[in-house]
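>>> With the sequence up front, the predicted model follows.
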Amino acid sequence: MTTTTSHVRAACPHDCPDTCALIVTVEDGVATEVKGDPDHPPTGGVLCTKVARYAERTYHADRLLHPLRRVGKKGEGKFERISWDEALDTIAARLKPIVARAPEALLPYSYAGTMGLLQGEAMSGRFFHKLGASLLDRTICATAGATGYKYTVGGSIGTDLEHFQDAKLIIIWGGNPIASNLHFWTRAQAAKRNGAKLIAIDPYRSLTAEKCHQHIALLPGTDAALALGMMHVLIAEDLLDHDYIAQYTLGFEQLKARAAEWTPERTAETCGITVQEVVELARLYGGMAKQGEPVAIRTNYGVQRVRGGGMAVRNIACLPALVGAWRHAAGGVQLSSSGSFPSNKALLQGTDMLRQHARMPRTINMSTIGDDLLRPASPEFGPQIEAVIVYNSNPVAVAPDSPKVAAGFAREDLFTVVLEHFQTDTADYADIVLPATTQLEHVDVHTSYGHLYIMANNAAVAPMGEAKPNTEIFRLLAARMGLDDPCFRESDEELAAQSFDAKDSRAIHFDWESLKRKGWQRLNMPSAPFAQGGFPTPSGKCEFYSAQMLADGLDPLPAYIAPYESRASNPELAARYPLAMISPPQRNFLNSTFVNVTSLRATEGEPQLDMHPDDAAARGVAHGEMVRIYNDRGSFVCKLRVTDKARAGLVVGLSVWWKKLAGDGKNANEVTSQRLTDMGRAPTFYDTLVQVEKAA
Ligand SMILES: Nc1nc2c(c(=O)[nH]1)N[C@H]1C(S)=C(S)[C@@H](COP(=O)(O)OP(=O)(O)OC[C@H]3O[C@@H](n4cnc5c(=O)[nH]c(N)nc54)[C@H](O)[C@@H]3O)O[C@H]1N2
Ligand SMILES: Nc1nc2c(c(=O)[nH]1)N[C@H]1C(S)=C(S)[C@@H](COP(=O)(O)OP(=O)(O)OC[C@H]3O[C@@H](n4cnc5c(=O)[nH]c(N)nc54)[C@H](O)[C@@H]3O)O[C@H]1N2
Ligand code: SF4
Ligand SMILES: [Mo]
């Protein structure tokens, strides 16, 4: 019989733009249900399939409940239980001599397993900054697009999620919101019911593309060209907002000359689509805008995981200014809303402590972790990496060129600590594994990259077993390493209270005590951010021409940068590996999180590869057969699904599988490369040529 029931306000911690408000039912100290808050406008009481199962993940039989020490070979996953004291003493004993000799030989490796400001980089940032460890460039997801967007618009600010239902045209460009941005999709459907037209631009007929009025299946990595072709038509047919251009943009004359080069014919040829598709898309977009209708673009990260990914987002971000779409709250473009949040990251992360060192520590790019773990000491590189502390990330599964990543983590002389909920592919390589709490067991504060609310997460239940929050683990490690600055003694409540500046007009009246009770608070932001210009660029205008880009060694105008690996750009490689492979997220996983939750994995079945019937026929492979996907970097095996969802020449392996839960112990990152994007030093996951054959 239940004696006490409570409802705790929480926030979804996952790397998803929606940052839902959660209400957790707790009965006698056990979380029995996780629901969406019906009153939070973005959430609207609805959660995705994954987080509706959050209790199942939290109480999973495989949760790590106490510290572990490796007893088998690296990667084998054999461990024995040890006490917290022993774990912390062992770590301090290994790290102290390394840090004394060469602090940069220590590297943090983390990403957005939790997006929380506290359990993300608060105490951990202070810890590594104080020691002078290598800095980590957190590029694995969004920096190419964010950089291209910033050059053009000035910051990660765009159309407010809460207005999309009023748009009359929505272009979903390189995103699959049914899987990865559900609460945007709800609004796109409301717009559709109000008569809006939905167009998906995606090489793959995703769940979302299938439900749009029109699907333009261009070749991967060619979006920058499509945007240039649209500009060409908009200018040639005078579908422009001359007044907006004159007042609020920079460089129109130069842009005009550049766009003139991108005839619909050249664009269609580059993108692998028809001339009609190019011309009609531009006419619809510019024509509706000219009639005063709100036209919106939701662009997402799918366009920027290729060589020219930064430029692709930049070009797309120019379009609303050309047609004056920013005049409407329901017009414009959204890539991310993260730049709207005035969080005190530098304070939380102790960035100031970097000044205590003779010089700035070097920066290691998380997207090239494979090469960097295998790199010897050198004057250019600095010391060899001798110790890595991994938290909120699963690099052995998610980082590109996985054979190198695994080889790096397998180094006998590397000391690896992994803070985790589960024994992931990466944890298998750890010397010491430390059990971390989940969102139901710790406190946090969140921003969002899809909406405009500050979110509070209260702890709903006590930590499971001996698990501890990341913040607490780094406090304990700091003490063991002899770091005695007062900042290492601040509690999570104290950190949360500092997370926003209440004097900033956007976070006005921020007060942690009241946020905790209410759960969420909307930022004070205008509904149409650039209706009257005010772009946070150097010129204050939307920059078609960017002097900053020129200074950074880039083309100052919108341009097309072909993929590293495509038939057109690299015919010799394509002769051996003729198929372009992309590996976007599965609906029921979140990157590699949830792959070990049985009910969700059962829904996705097993790793599959989608291939067009013509390509399957040419290779003599049939639906349901096991196939081997390979290139010079590696190979993995999948079950083949023959379907015209993949355009001819394209194969799609939905991701990111735990390697050890796939039949052959490998996943799509066996074949992806460590080459980086044009801007933002980001990975090129969707810029990959492969060949496919029947598996032996
Ligand atoms: N269910 C679920 N939700 C997620 C995630 C997840 O793993 N699962 N991941 C979260 C994270 S970390 C992120 S960054 C976001 C990602 O969110 P999105 O950026 O929306 O990513 P995807 O859902 O992968 O959609 C990308 C789409 O881009 C398409 N695409 C691939 N290459 C190209 C290209 O060159 N051009 C164009 N136009 N399209 C292309 C793919 O086919 C895919 O349908 O989602 C978040 N939400
Ligand atoms: N082939 C291919 N590879 C990709 C992508 C792709 O589309 N295709 N997408 C890329 C993208 S967009 C991204 S963002 C990256 C994501 O890569 P990661 O950021 O590594 O994300 P996850 O795989 O979800 O791993 C997060 C881990 O953090 C753990 N975790 C969660 N909360 C906590 C916590 O509070 N404390 C601790 N200690 N651990 C916690 C989870 O258990 C999980 O194992 O993957 C990239 N890799
Ligand atoms: S993963 Fe995204 S859609 Fe699902 S509950 Fe979390 S924030 Fe909401
Ligand atoms: Mo991501």
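Great, that's in hand. Ligands and ions are numbered 1, 2, ... in the order given.

>>> And for residue 489, the neighbour number?
Number of residues near residue 489 (other CB atoms under 10 Å) recorded here: 11. C-betas here are computed from N, CA, C, even on glycine.

>>> again but with residue 330, I slipped
Neighbour count for residue 330, taken as other CB under 10 Å: 25.

>>> give me the number of residues near the residue nearest to residue 657 when sequence neighbours are not counted?
Once flanking residues are discounted, residue 657 sits nearest to residue 667: 4.4 Å by CB to CB, 6 or more residues apart in numbering. Using other CB under 10 Å, the number of residues around residue 667 comes to 28.

>>> again, but for residue 346
By other CB under 10 Å, 11 other residues sit near residue 346.

>>> same question, residue 506
Other residues lying near residue 506 total 16 when counted by other CB under 10 Å.

>>> residues contacting it?
When contacts are counted by CB atoms under 8 Å, 6 or more residues apart in numbering, residue 506 touches 340-342, 523-525.

>>> how close does it sit to residue 340?
The gap separating residue 506 from residue 340 is 7 Å, by CB to CB, to the nearest Å.

>>> Any part of the lowest-mean-pLDDT helix or strand in the chain near ligand 3?
The weakest-scoring helix or strand in the chain, judged by mean pLDDT, DSSP states H and E, is helix 598-604 (a mean of 87). No - using CB under 6 Å from any ligand atom, we find that helix 598-604 stays clear of ligand 3, coming within 11.7 Å at best.

>>> What helices and strands are in contact with that helix?
With contacts taken as 3 or more CB pairs under 8 Å, 6 or more residues apart in numbering; DSSP states H and E, helix 598-604 sits against no other helix or strand.

>>> which residue sits closest to the spatially most central residue of the chain, ignoring its sequence neighbours?
Among the residues of the chain, residue 141 comes closest to the average C-alpha position under CA atoms, centre = their mean, at 3.8 Å. In space, and not counting its chain neighbours, residue 141 is closest to residue 301: 6.4 Å by CB to CB, 6+ apart.

>>> Run a quick check on the one you found versus residue 177, I expect a contact.
No - if you go by CB atoms under 8 Å, residue 301 and residue 177 don't touch, sitting 11.7 Å apart.

>>> Secondary structure element for residue 183, which one?
Using DSSP states H and E, residue 183 falls within helix 182-193.

>>> what about that helix, near ligand 1?
No - Helix 182-193 is not in contact with ligand 1 by CB under 6 Å from any ligand atom; minimum separation 8.0 Å.

>>> Please apply the same query to stretch 299-310.
Yes - judged by CB under 6 Å from any ligand atom, stretch 299-310 comes into contact with ligand 1 at 300-303, 306.

>>> Kindly indicate the member of the residues you listed with the most neighbours.
residue 306 (35 neighbours).

>>> Tell me the spacing between the closest residue to it other than its chain neighbours and ligand 2.
Leaving aside its chain neighbours, residue 306 sits nearest to residue 221 (3.6 Å; criterion: CB to CB, 6+ apart). According to CB to the nearest ligand atom, to the nearest Å, residue 221 and ligand 2 sit 14 Å apart.

>>> interface residues of the stretch 151-300 of the chain facing ligand 1?
So far as CB under 6 Å from any ligand atom goes, the stretch 151-300 of the chain lies against ligand 1 at 173-176, 179-181, 201-204, 206, 220-221, 223, 300.

>>> go on, the stretch 1-150 of the chain?
Residues of the stretch 1-150 of the chain lying near ligand 1 (CB under 6 Å from any ligand atom): 15-16, 141.

>>> Which strands or helices does the very next helix or strand once past the helix holding residue 183 pack on?
Using DSSP H and E, the helix or strand that follows helix 182-193 towards the C-terminus is strand 197-201. Helices and strands touching strand 197-201, by 3+ CB pairs under 8 Å, 6+ apart, are strand 169-173, helix 182-193, strand 214-216, helix 275-290.

>>> Can you give me the neighbour number for the closest residue to residue 328 other than its chain neighbours?
The shortest distance from residue 328 to any residue other than its chain neighbours is 3.8 Å, reached at residue 294 (CB to CB, 6+ apart). Neighbour count for residue 294, taken as other CB under 10 Å: 24.

>>> Now the single nearest residue of the chain relative to ligand 2: closest residue in space, sequence neighbours ignored.
Residue of the chain nearest ligand 2, by CB to the nearest ligand atom: residue 113 (2.1 Å). Once flanking residues are discounted, residue 113 sits nearest to residue 392: 3.4 Å by CB to CB, 6+ apart.

>>> Check residue 637 too.
Residue 637 sits nearest to residue 664 (CB to CB, 6+ apart), 4.3 Å away.

>>> who in the stretch 301-450 of the chain is up against ligand 1?
By CB under 6 Å from any ligand atom, the residues of the stretch 301-450 of the chain that approach ligand 1 are 301-303, 306.

>>> can we see that at 5 Å?
301-303 (CB under 5 Å from any ligand atom).

>>> of those, closest to ligand 1?
Proximity of those to ligand 1 (CB to the nearest ligand atom) peaks at residue 302, which lies at 2.1 Å.

>>> related to what we said a few turns ago, which one of the residues of stretch 299-310 next to ligand 1 is nearest to residue 560?
Of all the residues of stretch 299-310 next to ligand 1, residue 306 has the smallest distance to residue 560: 11.4 Å, by CB to CB.

>>> Thought residue 258 was touching residue 545, still the case?
No - in this structure residue 545 lies outside contact range of residue 258 using CB under 8 Å: 9.3 Å.

>>> what's the neighbour count on residue 173?
By other CB under 10 Å, 25 other residues sit near residue 173.

>>> Let me fix that, I meant to ask about residue 551.
Counted with other CB under 10 Å, residue 551 comes out at 9.

>>> Distance of it relative to ligand 3?
38 Å.

>>> Relative to residue 673, how far out is residue 633?
In terms of CB to CB, residue 633 sits 6 Å off from residue 673.

>>> Now for the two: what residues contact both?
Joint contacts of residue 633 and residue 673 (CB under 8 Å, 6+ apart) are residue 401.
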